[in-house]
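Visitor: Quick one: sequence and predicted model below, then my questions.
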Amino acid sequence: MDLEIFVTVAILFAACLTRSAFGFGEALVAMPLLSMVVGIKDAAAMVAMTSIFNAVAILLTTRWEKIEWSAAGYMLIGTFVGVPIGVYVLVSVPESAVKLVLAVLLISFAVYSLCRPRMPKLESNVPGIGFGLVAGVLGGAYNTIGPPMVIFGTLRQWSAQRFRITLQTVFLPTSLLVAGFHSANKLWTPLVVKSFLFAIPFLVLAAYIGREVNKRIEGARFSRYIFYLLLVIGGLLIATIVRDAVVNAS
């Protein structure tokens, strides 16, 4: 295993652990780090494959009676419209611009999550279509389906268990659609496939550890550490963009 694949597998392991423990967050961790190692397009393809694995693992090991099927259905309507738009952005827009938007998204979501502004409760699942549309665009371009879903679930005031399992019913079909578009646009490069295959046993381990963490950890405190980490990662991503721009200009 060469160094590039080793680093890639380590990032995917950390991302899977985050997703398994909290129900979301793998792309928020993996996308900026992988984009600095293998580029934004390979990163997107890898994370889409990993997201499918993680969603299946969580759905198979969690009781389904807490799923909000109505909310999931409305969100999926939106994501299926948004994904093709996001994939078009990924393959058509310069990589530096895609990275910059990803960095801004990371920092904005981390600040939102840390501040937790008091917002009114949504009494209907219908607005899930709009949140799903935004999630689909972000998912197609960056695999970051989670932030709009997290905000929607927060506004609906779901319990932690309902929140975690419902998100997977949206993540799985959306990630399958994203992966299909990635394959059609020839983003499944040999590096992507090889890295994912090497990562599978580590993803299994991460899924198990994350499930145990979810049972034991004091979630609010640990999640704050995750959001602080996202601030740092977003800052590092912006620093790499500036560095690349200076190098290209000189």
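Guide: Now that the structure is in, tell me what you want to look at.

Visitor: Wait, Glu68 touches Thr166, no?
Guide: Yes. Judged on Cβ atoms under 8 Å, Glu68 makes contact with Thr166 at a distance of 4.5 Å. Glycine gets a C-beta too; all of them are placed from N, C-alpha and C.

Visitor: More neighbours: those two, which one.
Guide: Taking other Cβ atoms under 10 Å, Glu68 and Thr166 do not tie; Thr166 has more neighbours (25 against 21).

Visitor: contacting residues for the more buried one?
Guide: Residues counted as contacts of Thr166 (Cβ atoms under 8 Å, 6 or more residues apart in numbering) are Lys66, Ile67, Glu68, Ala71, Ala72, Gly153, Trp158.

Visitor: mind listing what the second one touches?
Guide: Okay, so that is Ile67. Counting by Cβ under 8 Å, 6+ apart, Ile67 has contacts Arg162, Ile165, Thr166, Thr169.

Visitor: Please report phi then psi for it.
Guide: Main-chain torsions, Ile67, degrees, to the nearest 10: phi -70, psi 130.

Visitor: out of all of them, which helix in this protein is the longest?
Guide: helix 219-249 (DSSP state H).

Visitor: residue nearest the centroid of the protein?
Guide: The residue lying closest to the centre of the chain (Cα atoms, centre = their mean) is Ala27, at 2.8 Å.

Visitor: Restricted to buried residues, select the contacts of Thr166 in ChimeraX.
Guide: Selection of buried members from the contacts of Thr166 for ChimeraX, criterion 16 or more other Cβ atoms under 10 Å:
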select :67,68,71,72,153,158
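
Visitor: The contacts of Thr166 in strands, which ones?
Guide: Assignment to strands by DSSP state E places none of these there.

Visitor: Format the contacts of Thr166 as a markdown table; extra columns: distance to Ala44 and pLDDT.
Guide: Shown next, in a markdown table, are the contacts of Thr166 (distance: Cβ to Cβ, whole Å; pLDDT from 0 to 100):
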| residue | distance to Ala44 | pLDDT |
| --- | --- | --- |
| Lys66 | 30 | 79 |
| Ile67 | 27 | 86 |
| Glu68 | 28 | 88 |
| Ala71 | 26 | 91 |
| Ala72 | 23 | 92 |
| Gly153 | 24 | 82 |
| Trp158 | 28 | 80 |
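
Visitor: which element is Leu59 on?
Guide: Per DSSP states H and E, Leu59 falls inside helix 40-60.

Visitor: all helices of the chain, in order?
Guide: Under DSSP H, the chain gives helices at 3-22, 26-37, 40-60, 69-92, 95-115, 128-142, 146-156, 160-184, 190-216, 219-249.

Visitor: could you point out where this structure is predicted with low confidence?
Guide: 1, 117, 160, 214-223, 225-226, 250 (pLDDT under 70).
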